[in-house]
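Q: only geometry, no sequence info:
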């Protein structure tokens, strides 16, 4: 008897909550958002939103640079569609003389993280 009362009470509460949105539900639309709701902007086209944050960065010791002008590009975690994979750091030659390398990083966003590519400054 106790379970029937709980079931009836649950059904009544469910129907009461749904009754306010019956016109929208009857037409197949989702209920309207609550007042003051502001949706998060979607990531830019071509950007993958990864739900979990990357692991902590690995500590890398840069080997001595090769002869000439080179800049150390530190390692980072890359998302391969199924999980994070470590990409080891390496030396790169600046495109035009003494540019500074700004390393890529994971940027937290609502719902996950996106990768922001590194660039020369």
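A: That came through fine. Model, not experiment: these values are computed from the prediction.
Q: determine the number of other residues adjacent to residue 113.
A: Using other C-beta atoms under 10 Å, residue 113 has 20 neighbouring residues. C-beta: built from backbone N, CA, C; applies to glycine.
Q: tell me the spacing between the nearest residue to residue 100 once chain neighbours are set aside and residue 65.
A: Nearest non-adjacent residue to residue 100, counting by C-beta to C-beta, 6 or more residues apart in numbering: residue 121, 4.9 Å away. Plainly put, residue 121 is 19 Å away from residue 65 if you go by C-beta to C-beta, to the nearest Å.
Q: number of residues surrounding the nearest residue to residue 62 once chain neighbours are set aside?
A: Of all residues not flanking residue 62 in the chain, residue 72 sits nearest, at 4.6 Å (C-beta to C-beta, 6+ apart). Residues near residue 72, counting by other C-beta under 10 Å, number 15.
Q: any low-confidence regions in the protein?
A: Along the chain, segments meeting pLDDT under 70 span 1-30, 38-45, 97-98.
Q: sorry, back to before: residue 121 and residue 65: which is more packed in?
A: residue 65 (11 against 7).
Q: does that one touch residue 73 like I think?
A: No: assessed by C-beta atoms under 8 Å, residue 65 is found out of contact with residue 73, at 11.4 Å.
Q: now the common contact residues for the two.
A: Shared contacts of residue 65 and residue 73 (C-beta atoms under 8 Å, 6 or more residues apart in numbering): residue 91.
Q: ok, back up a step: what's near enough to touch the residue nearest to residue 100?
A: Here residue 121 is in contact with 99, 100, 101, 102 (C-beta under 8 Å, 6+ apart).
Q: now, those residues that are in strands?
A: 101, 102 (DSSP state E).
Q: of the contacts of residue 121, buried ones?
A: Of the members of the contacts of residue 121, none is counted as buried by neighbours, 16 or more other C-beta atoms under 10 Å.
Q: specify which member of the contacts of residue 121 is nearest to residue 91.
A: residue 101 (10.2 Å; C-beta to C-beta).
Q: what's the spacing between that closest one and residue 34?
A: Residue 101 sits 45 Å away from residue 34, going by C-beta to C-beta.
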